[in-house]
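Undergrad: model this:
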Amino acid sequence: MKSYLNSSWISLSLSSPSGPSLSSPAVVLMFLVVTWGRGTSGQLGHGVMVSSFKPKYVKSLESLVITHVSAGWSHSSFVSDTGCLFTCEDSSFG
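TA: Residues are numbered from 1 along each chain as shown. You can find the predicted model right below:
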């Protein structure tokens, strides 16, 4: 996967009305999901509660076609092409 993330033709630019997000999911290259940023609540989906400042592939979503992503302070959400919702968080707020 590393070669995909280092390709010069990939450009990701994510922004929100309130400024840059602390965790950033993206769907690139045929629905490959990568996440990066603040991860201390498990919101990056890497199976650990640590931050990642370089995009990392989310292995748990590799068999799915992800069509929508969303991120908040302590969570990330992913929707598949079949309408299934997947979330990454520490569940401290429900």
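
Undergrad: how far does stretch 59-70 stretch from start to finish?
TA: 18 Å (C-alpha to C-alpha, to the nearest Å).

Undergrad: I meant stretch 49-59, not that one.
TA: 15 Å.

Undergrad: in that stretch, which residues are buried?
TA: Within stretch 49-59, the residues scored as buried using 16 or more other C-beta atoms under 10 Å are 52, 55-58. Using the backbone N, CA and C atoms, a C-beta is placed for each residue, glycine as well.

Undergrad: for stretch 59-66, same thing?
TA: By neighbour count with 16+ other C-beta under 10 Å, stretch 59-66 contains the buried residues 61, 64, 66.

Undergrad: helix, strand, or coil at the second one?
TA: Secondary structure for Leu64, judged by DSSP: H, G, I helix; E, B strand; the rest coil, is coil.

Undergrad: quick one: low-confidence residue ranges for the chain.
TA: Applying pLDDT under 70 to the chain flags the ranges 1-31, 94.

Undergrad: name the nearest residue to Val50, ignoring sequence neighbours.
TA: Distance criterion C-beta to C-beta, 6 or more residues apart in numbering; nearest residue to Val50, sequence neighbours excluded, is Gly39 at 5.5 Å.

Undergrad: contacting residues around that neighbour?
TA: 23, 46, 48-52 (C-beta atoms under 8 Å, 6 or more residues apart in numbering).

Undergrad: go again with 10 Å.
TA: By C-beta atoms under 10 Å, 6 or more residues apart in numbering, the contact set of Gly39 is 22-23, 45-46, 48-53, 56, 74, 76, 88.

Undergrad: in strands, which of those residues fall?
TA: Mapping those onto strands (DSSP state E) picks out 23, 52-53, 56, 76, 88.
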